[in-house]
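Student: structure for this input, please:
(2 chains)
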Amino acid sequence: MRKSSFLAIALTALSVPAAWAHAHPKVMVPAADSTGPAPTKIVVTFSEPVEAKFSSLVLTTEKGDPVSKEKSSGDPSDPKTLTLTPPSLSAGDYLVHWTSVAPDGHKMQGEYKFTVK
Amino acid sequence: MSQENLLLTLHIICSGTSDIAFSLMWGSVLSLYWGELPDSLFAPLNRMFNATAIILCMVLPLQIVLLTADMAGTTHWPELRPILPDIVAMHAGSVLQSQFICSLLAAITIFFPLKPIARRSVLTVLLLSLTTFKSAAGHASIDGSFSVREISQWLHLSSIATWSGGVLIAAWILIPRVEESATSLSLFLKRLSLQCSLSVAIAFLSGLANSWLITEGKIEPLRSSTWGTLLLVKLVAVLIALSIGFLNYRDLRRTINGDTQLLVIKRIHLEAWIMIVILCASGWLSNLSPS
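Tutor: Down below sits the predicted model:
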């Protein structure tokens, strides 16, 4: 497998182009599909640095209703991380909608669920 | 056509045009360094450089607008205008803006009556700066400025542009104009072959490093993504171009007669069109993600 990987990459070495960077969530707090107490902060660390101005976390109920108007913020010391401070959450299912913009301008979007008991 | 597809199509057209113009700039400047270059060729090479710089001056602002449309999720100009300053302030926007400034300076050199050596030096500095900003775009930008990824990208972009630009300029400008003098043409073809061989070697090594960094040593992106499929299609075109280059290299090592020279020239013209296909494919691929 290792040899075939190397061969494939060696063969494409001459034709390799630039490609979009792709920042997707790597570490989520609270974790995706987890159940636990109401979080005081929602923190998502992406696989690559993100442009904080155009990247965001939005918290909604399972039905898609926004939980608060609070905006997520970037961490100047860690360009891969976005943080959102939610209001006190009652028991139920919540969705975190994330948007990431990599330094090259590639935008990605997605969502994950967590449950407050 | 949906808004998303429209934006992607425009991105691909801009990237392809930009890559072809960039290669032609490299080909023009490197040709100016040919010791036996007849004086009559300075003007057409300079015109080609300025023309490609003007094309970049039109394409790069459009790319900034397209990036803004991507971020705003709309193509409605009144909604795009207010966020343009924020786009230019982010990394991708600032890199495009810097490329635009280099291209603009390159385009206006035509208005300054510089001596050939001074002009060549100015164009070289501007082209190297443009390459530096171009290599800071795309996937290479994720590790910050002057990272291993960006240096590898710089080497790859410049060597591919040397190869493709050398062939394009040879086919479209130099060969038709130096054909009268068989000795000059033979010397030129040998020089072009050496230039292409060296650039292919550097492109291979830097491409190996780039593809390893992009795929992180995994074969899956090559097999399971559109990016991988297109990359393999492009590889076929590259292999054809390489084979043509090898045949020419082999023939040019010997003392060549008129018939062989004619055959070499025909092959260079064919290689030039394959280069256009490769550069267009690059433009398409640079707008896709490996995963």
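Student: buried stuff in the helix or strand containing B:Leu279?
Tutor: If you go by DSSP states H and E, B:Leu279 is part of helix B:258-285. For helix B:258-285, burial by neighbour count (16 or more other CB atoms under 10 Å in any protein chain shown) applies to B:261, B:264-265, B:267-268, B:271-272, B:274-285. Every C-beta, even on glycine, is put in place using the N, C-alpha and C of the backbone.
Student: where does pLDDT dip in chain A?
Tutor: A:1-21 (pLDDT under 70).
Student: try the stretch 151-291 of chain B
Tutor: Ranges of the stretch 151-291 of chain B meeting pLDDT under 70: B:179-183, B:214-224, B:289-291.
Student: now with 80, please.
Tutor: B:178-187, B:204, B:206-233, B:252-259, B:285-291 (pLDDT under 80).
Student: what ranges do the helices span in it?
Tutor: Under the criterion DSSP state H, counting those that start in this stretch, the stretch 151-291 of chain B contains helices at B:175-178, B:182-215, B:220-224, B:226-252, B:258-285.
Student: repeat for chain A
Tutor: A:2-12 (DSSP state H).
Student: what is the spatially most central residue of chain A paired to in the beta sheet?
Tutor: Nearest to the mean C-alpha position of chain A, by CA atoms, centre = their mean, lies A:Pro25 at 3.5 Å. On the basis of DSSP bridges, A:Pro25 is bridged to A:Phe46.
Student: does it really touch A:Val44, like I thought?
Tutor: Yes: contact criterion CB atoms under 8 Å: A:Pro25 and A:Val44 qualify, at 5.1 Å.
Student: overlap in contacts, those two.
Tutor: A:Trp98 (CB atoms under 8 Å, 6 or more residues apart in numbering or on different chains).
Student: any weak-confidence spans in the stretch 1-150 of chain B?
Tutor: B:1-4, B:34-39, B:138-149.
Student: coming back round to it: mind giving me the packing neighbours of the helix holding B:Leu279?
Tutor: When contacts are defined as 3 or more CB pairs under 8 Å, 6 or more residues apart in numbering or on different chains; DSSP states H and E, helix B:258-285 packs onto helix B:3-32, helix B:148-169, helix B:182-215, helix B:226-252.
Student: okay if I get these as JSON lines plus mean neighbour count and distance to chain A?
Tutor: Putting the helices and strands packed on helix B:258-285 into JSON lines (neighbours: other CB atoms under 10 Å in any protein chain shown; distance: least, CB to the nearest CB, whole Å) gives the following:
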{"stretch": "helix B:3-32", "mean neighbour count": "21", "distance to chain A": "9"}
{"stretch": "helix B:148-169", "mean neighbour count": "24", "distance to chain A": "7"}
{"stretch": "helix B:182-215", "mean neighbour count": "19", "distance to chain A": "4"}
{"stretch": "helix B:226-252", "mean neighbour count": "18", "distance to chain A": "4"}
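Student: among these, which is nearest B:Leu104?
Tutor: For B:Leu104, the closest of the helices and strands packed on helix B:258-285 is helix B:3-32, at 13.4 Å, according to CB to CB.
Student: distance between whichever helix or strand comes after the closest one and the chain's centre?
Tutor: The helix or strand immediately downstream of helix B:3-32 is helix B:42-72, counting by DSSP H and E. Chain-centre distance of helix B:42-72: 12 Å, with CA atoms, centre = their mean, to the nearest Å.
Student: do the same with stretch B:174-191
Tutor: 24 Å.
Student: the helices of the stretch 151-291 of chain B into a markdown table, with extra columns for distance to B:Ser2?
Tutor: Converted to a markdown table, those look like this (distance: least, CB to CB, whole Å):
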| stretch | distance to B:Ser2 |
| --- | --- |
| helix B:175-178 | 44 |
| helix B:182-215 | 28 |
| helix B:220-224 | 24 |
| helix B:226-252 | 17 |
| helix B:258-285 | 18 |
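Student: relative to B:Thr162, which of the ones you listed is closest?
Tutor: The nearest among the helices of the stretch 151-291 of chain B, by CB to CB, is helix B:182-215 at 3.9 Å.
Student: how far does that closest one sit from its chain's centre?
Tutor: With CA atoms, centre = their mean, you get 13 Å for helix B:182-215.
Student: which strands or helices does it pack on?
Tutor: helix A:2-12, helix B:148-169, helix B:175-178, helix B:220-224, helix B:226-252, helix B:258-285.
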